[in-house]
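K.L.:
fold the following for me, if possible:
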Amino acid sequence: MEFDKEVDASGLNCPLPILRCKKGLNELSASQVLKIIATDPGSVKDFNAFCVQTGHALLQLDEDATTFTFYIKKRAD
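P.N.:
Predicted coordinates for the structure are as follows:
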């Protein structure tokens, strides 16, 4: 999937991946896509809730044994 910015939150636990995500989204224009990599298993639930609460769109979630990769589209303001 194409993206405009990547944030690596590997090795960080809640709430740091969400905080890094918020910072990354603040640097994007409306409708751009942020790729964020996390290793905290709780991040799946956290990012789903974050997107519901903020109106950003979780476009895709890829996961392997230890890594979760989220693609989040910034909401149009």
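
K.L.:
ok, residue 2 - contacts?
P.N.:
residue 33 (C-beta atoms under 8 Å, 6 or more residues apart in numbering). For glycine as for every other residue, the C-beta is placed from the backbone atoms N, C-alpha and C.

K.L.:
that one in helix, strand or coil?
P.N.:
Three-state assignment for residue 2 (DSSP: H, G, I helix; E, B strand; the rest coil): coil.

K.L.:
distance-wise, check it relative to residue 35.
P.N.:
For residue 2, the distance to residue 35 equals 9 Å [C-beta to C-beta, to the nearest Å].

K.L.:
same check, this time on residue 1
P.N.:
8 Å.

K.L.:
those two: which has the busier surroundings?
P.N.:
Neighbours per residue (other C-beta atoms under 10 Å) separate residue 1 from residue 35, with residue 35 holding more: 20 against 9.

K.L.:
now that one: which helix or strand?
P.N.:
strand 33-38 (DSSP states H and E).

K.L.:
quick one: average pLDDT of that strand?
P.N.:
Averaged across strand 33-38, pLDDT comes to 98.
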